[in-house]
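Engineer: sequence? don't have it. structure:
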């Protein structure tokens, strides 16, 4: 697996790549076709690419055992999950190399010291000035009768905060390319908030209407940026991966 250098003259150590390039690497690796693509690895952490459709952790049933964490553990024994992406979402996933790093990274997530940004394409033309951030505060609760769905619930929902900004408009398709920043980390938060605003993400089979679901064969949601302070050195680090869509 490729290992990146851990130092750079800039304030942030930054790695930029594209999902397409990483898919090509996976395909070309005939000796280990299920090898995870690592944007970065050191003694404490891994930054991996998760393709759409792959689970982060094993699910129930023999057919749901293939997942990013299992693949990672085959190449980095002892690797531990720190956070997850939905199966349908692509992009950057952080894993720890040992239990102490997992504790530090998990605490950083709890204290909102790890920053994530996503790119999505949503139904409709969202009314906002391009590149202007807008806040969404809509409480989210589990929909127990329709699990694993989530709902906006002003009484029982947990406080949920998303920031979004429009990046580009497609007037012909009546869609908006948006950047999303989850300040809180509720299950399905970005999908629920976009749908509640009347702008579901294209290809969303859980929260979009039939036409929006059929607009694309995959969920057009990608974890494009991850930034944190290294758990051992404190060095600010950031990784970026362009979406395929």
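Structural biologist: On my side now, so go ahead. Predicted, not measured: the structure shown is a model, and the values here were computed from it.

Engineer: Other residues contacting stretch 204-222?
Structural biologist: 19, 52-53, 86, 88-91, 118-121, 123, 149, 175, 188, 190-192, 194-195, 200-203, 241, 243-245 (C-beta atoms under 8 Å, 6 or more residues apart in numbering). For glycine as for every other residue, the C-beta is placed from the backbone atoms N, C-alpha and C.

Engineer: In strands, which of those residues appear?
Structural biologist: 90-91, 118-121, 123, 175, 241 (DSSP state E).

Engineer: Give me the buried subset of the residues you listed.
Structural biologist: 90-91, 118-121, 123, 175, 241 (16 or more other C-beta atoms under 10 Å).

Engineer: Please name every helix or strand in contact with the lengthiest helix in the chain.
Structural biologist: Assignment by DSSP state H gives helix 99-110 as the longest helix of the chain. On a contact count with 3 or more C-beta pairs under 8 Å, 6 or more residues apart in numbering; DSSP states H and E, helix 99-110 meets strand 80-81, strand 90-96, strand 221-229.

Engineer: Which stretches in this protein count as helices?
Structural biologist: Using DSSP H, helices in the chain cover 19-28, 68-75, 99-110, 189-196, 210-213.

Engineer: These: which one's closest to residue 231?
Structural biologist: helix 99-110 (3.9 Å; C-beta to C-beta).

Engineer: Tell me the pLDDT of residue 17.
Structural biologist: Listed pLDDT for residue 17 reads 76.

Engineer: excluding its backbone neighbours, what's nearest it?
Structural biologist: Leaving aside its sequence neighbours, residue 17 sits nearest to residue 241 (C-beta to C-beta, 6 or more residues apart in numbering; 5.4 Å).

Engineer: That's all I had, so thanks and see you.
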